[in-house]
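Undergrad: Quick one, fold the following:
(4 chains)
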There are 4 protein chains.
Amino acid sequence: MESLHLVSRERQPQDTIVQVGEVKIGGGNTALIAGPCSVEDKGQIMTIAQAIKDSAQILRGGAYKPRTSPYSFQGLGEEGLRYLQEAGRATGLPVVTEIMSETEVDLVADYVDMLQIGARNMQNYALLKKVGAQGKPVLLKRGAAATIEELLLSAEYILAAGNSQVVLCERGIRTFSHTYTRNTLDISAVPILQHLTHLPVIVDPSHGSGDWNLIEPLSLAALAAGADGLMIEVHSAPEFALSDGPQSLKPEKYRALARRLKRLAAFLKEDQP
Amino acid sequence: MESLHLVSRERQPQDTIVQVGEVKIGGGNTALIAGPCSVEDKGQIMTIAQAIKDSAQILRGGAYKPRTSPYSFQGLGEEGLRYLQEAGRATGLPVVTEIMSETEVDLVADYVDMLQIGARNMQNYALLKKVGAQGKPVLLKRGAAATIEELLLSAEYILAAGNSQVVLCERGIRTFSHTYTRNTLDISAVPILQHLTHLPVIVDPSHGSGDWNLIEPLSLAALAAGADGLMIEVHSAPEFALSDGPQSLKPEKYRALARRLKRLAAFLKEDQP
Amino acid sequence: MESLHLVSRERQPQDTIVQVGEVKIGGGNTALIAGPCSVEDKGQIMTIAQAIKDSAQILRGGAYKPRTSPYSFQGLGEEGLRYLQEAGRATGLPVVTEIMSETEVDLVADYVDMLQIGARNMQNYALLKKVGAQGKPVLLKRGAAATIEELLLSAEYILAAGNSQVVLCERGIRTFSHTYTRNTLDISAVPILQHLTHLPVIVDPSHGSGDWNLIEPLSLAALAAGADGLMIEVHSAPEFALSDGPQSLKPEKYRALARRLKRLAAFLKEDQP
Amino acid sequence: MESLHLVSRERQPQDTIVQVGEVKIGGGNTALIAGPCSVEDKGQIMTIAQAIKDSAQILRGGAYKPRTSPYSFQGLGEEGLRYLQEAGRATGLPVVTEIMSETEVDLVADYVDMLQIGARNMQNYALLKKVGAQGKPVLLKRGAAATIEELLLSAEYILAAGNSQVVLCERGIRTFSHTYTRNTLDISAVPILQHLTHLPVIVDPSHGSGDWNLIEPLSLAALAAGADGLMIEVHSAPEFALSDGPQSLKPEKYRALARRLKRLAAFLKEDQP
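TA: Numbering: from 1, shown residues only, chains lettered A, B, ... in the order given. Got it, this is the predicted structure:
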């Protein structure tokens, strides 16, 4: 792929370390990002943030929600950003949220520590150029039908626009097999991407499966495959969540999982061949 | 699908007829849209427009190009819009071009008769809302991994924002089978969409195959399956095209194809059961 | 593909014409194969055969049924072969049936005029070699996830074993898109295969869609794309069919469709460029 | 799925333990199966068997090879079975080989400890019934485009025919993403299958990726996801292998991997929540 310049491991052999607040992603650190799909109200995000603050390094929460239907809950917008920021400050966790519109980049960047480009916008080049032209780190999710090259070339857009603080996220691809899972988590993408690029690669097992029962085995598998981190949806009351309830873990389950993940990460670090 | 309101055939049994300049799409009319992938310079678009003006109803040409790599030709921008507009005026053909950014909607709408949302932006909801809030008709292409429902719900975004002049376009889906074709043309989508919605449905065999050798059989198949029109890439010198050369027809081949398509359309109209 | 020898159009430029009884497939003839998914009893197959005898050239009917579940109706076996043979003789139609086991090839070949290899057995090489070593023509269906090359190489197995009377059948591939259709009919496969091989290529819109409402548009599309024939499931009482009821046409609908198909085939033949 | 009776976890809550020689698969044991894709000659299989005998529990080697092209190496047949048996006896490892033909089941079962049904034959029902009617344990690989249900129903065929000693094997599915991998390893299939059935589930990272560089991360991931074992291709001279060289590990690399896998398996067993 001749068009891969800035993201290429050949050009930069050493891992890029992306700094989000005080948290480092890449270069051997295992970053845990957790939080609800959507910020629903001030109490909800604060409660969840408090519940996971010792088990996650970064808090996630959506204020602008890309929904397949125009009649689904679209997020609280700037109000949601404010609640997310407050929850981050109260717990000391840096925060990440999805950005959907070019015209909101500056607004959103004022409130959060990291900007997320969702799977549906992975090839929204106007948006990629815009987040590339500002200074906050970017979490770029792989599109549901994007190849490895396409993901890397979308990252290349961001780097070419001036921002080299980019984390890639595998979150499942669309295949014929979707009776039990929303998407098929492409676990091979982790080592392949790490071979091709110096950018950190994390995994989102929540969208990667769509089923909270699968979060634990898939999270363990992702770390074992070498992922630089995980992004996991957590909700205090998944049954009442305004979005993605079925794939969200309750805080106590998340905390137990985070403990297992840290033990596994420590074991794998020790056990390098 | 409870979220399908405005686009649903149940709600509006009769076909929507979308008017682009003087051209009608839907309701039994077969619309032929043709032109180069990209507007490359003034001479190029003018030459192609003149060459096809009697064989096509609408002229296409890209001024803003969504390219997988940031280093590929990105289009001429406003200059390209100007050339396209001039070519349209010189030939009497209304023109359609792709819009990639929310911030360019008004600019682009000033120059063209129809706005195209490309496959990569099918779920760029900010852009969908924006084109829904202006008055020019919209050509909405199906994403490479979008289901029928997702395409319809993206159209619903546009209608919900106030614009009911929407044409849907099947352009191939991403499957395991891509040795001989860039995408797999989902021919069944035509009758399925026409059953579910009152909006016109056209087919793009150029992106649907990626190979000019396949344009003729796929175009004939699309009409036979009931498509309301076709969008076909034409270039005077495909070997020198700045984008999509291998899938572009030369004008003389296009004209011969257009004659066959018109004869087939007439036959099929006569031969209704 | 260096392994394509015997099936290659380069090796044999002129079309192979496969002869089934008195019926010719390939070389410009449009063959219509029709009949029930399964032979259910003597009356059923006889009734259907009589109902379609003037609208089809070949009668199909399954005696050995490949069913996903071991508890589904598995076919009548040799009894079914006998009924099928009788129905063929009574109507003057040659008959085709699926063969599932190497050990039944000789038995089945005694009863029928053409042997079908189903999609699930496209890469059952033991079976391919066996049907290649006998003299009856073979209908080879494309596997649900088989590439164009794999289909051709499976045909190559049959030709290499000594039997050059092979018809290829596109019947839909497995993709992410299966809410409205069982499979995605890969219409491009028709012209691609015809370019690569001299063997006839037919289309099965019944399995290609799984929905009788789609049979008509897909059949018309297949002919327009250049298919050498169609295989369509017909049942007198689809609502009581022991298999594939939802994708079966009633005889009167099939007859009307066959008339349209013949008119379209005649038009297309006339209208060659 | 109403047709899942015998394989269902609801019917039999406790894990089935499949016994292959002295080796147990399932119920908390981690089984390592290794060996060359094909048995090529006596020296080759003996050398490999000796090299891995302390790092694997079961020796694999193909005598009958399902090859896409009829002109590729098809395996040594019975001669290969004899060499495989000898290598197994010399090292004390039970052996497994693929069976491709109904007519060879008895012959093959005489030589080996476990019969493998390959991905291409997963829905070869005649073969499933035949291996179900004999007494040796069966390794059933998932077809490249088979759903979870279809895999389970194919296993149901074997159990319904009388043989309950069945191990399931995830080996990658066919998706749009195959630039870097032959197949996409569906890691989620492991916990999903283990939830639905009592049969052991192993993973084949060699076919699951097609690239020896990916074997290590995918093997670790498979164990972390809960797999009951792994089947890995090993060859002393991958560059000269008659089949599957690019995805084969050299013995020394395999031994190092096996040590890591055992340490990880021990860690995971200890660390159960």
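
Undergrad: how about the residue nearest to the spatial centre of chain A, what does it touch?
TA: Per Cα atoms, centre = their mean, the C-alpha nearest to the average position across chain A is that of residue A:231, at 4.9 Å. Each residue near residue A:231 by Cβ atoms under 8 Å, 6 or more residues apart in numbering or on different chains is listed here: A:33-34, A:60, A:139, A:169, A:202-204, A:206. Heads up, the C-betas are built off the backbone N, CA and C, glycines and all.

Undergrad: taking these one by one, which sit in strands?
TA: If you go by DSSP state E, the contacts of residue A:231 have A:33-34, A:60, A:139, A:169, A:202-203 in strands.

Undergrad: Just put the residues you listed in TSV and tack on neighbour count and pLDDT.
TA: Output for the ones in strands among the contacts of residue A:231, formatted as TSV (neighbours: other Cβ atoms under 10 Å in any protein chain shown; pLDDT from 0 to 100):
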residue	neighbour count	pLDDT
A:33	28	98
A:34	29	98
A:60	27	98
A:139	30	98
A:169	28	98
A:202	25	98
A:203	30	98
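
Undergrad: Those residues: which ones sit near chain D?
TA: Near chain D, taking Cβ under 8 Å from any Cβ of the partner chain as the test, no member of the ones in strands among the contacts of residue A:231 is found.

Undergrad: Next to chain D in this structure, residues from the stretch 1-150 of chain A, please.
TA: Counting by Cβ under 8 Å from any Cβ, the residues of the stretch 1-150 of chain A close to chain D are A:145, A:147-149.

Undergrad: Summarise which helices and strands the helix or strand of chain A with the lowest mean pLDDT is packed against.
TA: The weakest-scoring helix or strand in chain A, judged by mean pLDDT, DSSP states H and E, is helix A:205-209 (a mean of 91). Judged by 3 or more Cβ pairs under 8 Å, 6 or more residues apart in numbering or on different chains; DSSP states H and E, the packing partners of helix A:205-209 are helix A:215-224, strand A:229-233.

Undergrad: The longest one and chain D in contact?
TA: This means helix A:215-224. Yes: applying Cβ under 8 Å from any Cβ, one finds helix A:215-224 touching chain D at A:217-218, A:220-224.

Undergrad: Could I have the CA atoms of that helix written out in PDB?
TA: In PDB, the C-alpha atoms belonging to helix A:215-224 read as follows (Å, rounded to 0.1, in the frame of the first residue of the first chain):
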ATOM      1  CA  ILE A 215     -17.900  -9.200  26.900                       C
ATOM      2  CA  GLU A 216     -15.700 -11.100  29.300                       C
ATOM      3  CA  PRO A 217     -14.400 -13.800  26.900                       C
ATOM      4  CA  LEU A 218     -13.900 -11.300  24.100                       C
ATOM      5  CA  SER A 219     -12.100  -8.900  26.400                       C
ATOM      6  CA  LEU A 220      -9.700 -11.600  27.600                       C
ATOM      7  CA  ALA A 221      -9.200 -12.700  24.000                       C
ATOM      8  CA  ALA A 222      -8.400  -9.100  22.900                       C
ATOM      9  CA  LEU A 223      -5.700  -8.700  25.500                       C
ATOM     10  CA  ALA A 224      -4.200 -12.100  24.700                       C
END
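
Undergrad: Need the residues that contact it.
TA: With contact meaning Cβ under 8 Å, 6+ apart, helix A:215-224 is reached by A:30, A:185, A:187, A:190, A:203, A:205-206, A:208-209, A:230, A:232, A:247, A:249, A:257, A:260-261, A:264-265, A:268, D:187-188, D:190-191, D:217, D:220-226, D:264, D:268.

Undergrad: Now the stretch 1-150 of chain A against chain B: closest residue?
TA: residue A:145 (3.0 Å; Cβ to the nearest Cβ).

Undergrad: Pull the contacting residues for that residue.
TA: Counting by Cβ under 8 Å, 6+ apart, residue A:145 has contacts A:173-174, B:143-145, B:174, C:176, D:176.

Undergrad: what's the answer for residue A:272, then?
TA: Residues counted as contacts of residue A:272 (Cβ under 8 Å, 6+ apart): none.

Undergrad: Can you name the residues of the stretch 101-250 of chain A sitting close to chain B?
TA: Neighbours of chain B within the stretch 101-250 of chain A, by Cβ under 8 Å from any Cβ: A:101-103, A:120-121, A:123-127, A:143-145, A:149-150, A:153, A:156-157, A:160-161, A:174.

Undergrad: Tell me which stretches of the stretch 51-200 of chain A form helices.
TA: Under the criterion DSSP state H, counting those that start in this stretch, the stretch 51-200 of chain A contains helices at A:78-91, A:105-111, A:125-132, A:148-160, A:189-196.

Undergrad: Can you list the helices and strands that the fourth one packs against?
TA: Based on contacts counted as 3+ Cβ pairs under 8 Å, 6+ apart, the elements that helix A:148-160 packs against are helix A:125-132, strand A:138-141, strand A:166-170, helix A:189-196.

Undergrad: now do the first one
TA: Here helix A:78-91 touches helix A:42-52, strand A:58-60, strand A:95-98, helix A:105-111, going by 3+ Cβ pairs under 8 Å, 6+ apart.

Undergrad: Distance to residue A:198 for those - can I get that in TSV?
TA: Below are the helices and strands packed on helix A:78-91 laid out as TSV (distance: least, Cβ to Cβ, whole Å):
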stretch	distance to residue A:198
helix A:42-52	29
strand A:58-60	21
strand A:95-98	21
helix A:105-111	24
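
Undergrad: so what's residue A:156 closest to, chain neighbours aside?
TA: Closest residue to residue A:156 apart from its sequence neighbours, by Cβ to Cβ, 6 or more residues apart in numbering or on different chains: residue A:7 at 5.2 Å.

Undergrad: That neighbour: what's it in contact with?
TA: The contact partners of residue A:7, taken as Cβ under 8 Å, 6+ apart, are A:152, A:155-156, A:159, A:166, A:196-199.

Undergrad: which of these lies closest to chain D?
TA: Nearest to chain D among these is residue A:196, at 8.6 Å by Cβ to the nearest Cβ.

Undergrad: related to what we said a few turns ago, looking at the helices and strands packed on helix A:148-160, which is closest to residue B:242?
TA: Proximity to residue B:242, assessed across those by Cβ to Cβ, is greatest for helix A:125-132 (16.6 Å).

Undergrad: and the angle for that closest one with helix B:125-132?
TA: Relative orientation of helix A:125-132 versus helix B:125-132 (axes from the mean of the first three to the mean of the last three Cα atoms, to 10 degrees): 130 degrees.

Undergrad: Show me what helix A:125-132 is packed against.
TA: Helix A:125-132 packs on helix A:105-111, strand A:114-117, helix A:148-160, going by 3+ Cβ pairs under 8 Å, 6+ apart.
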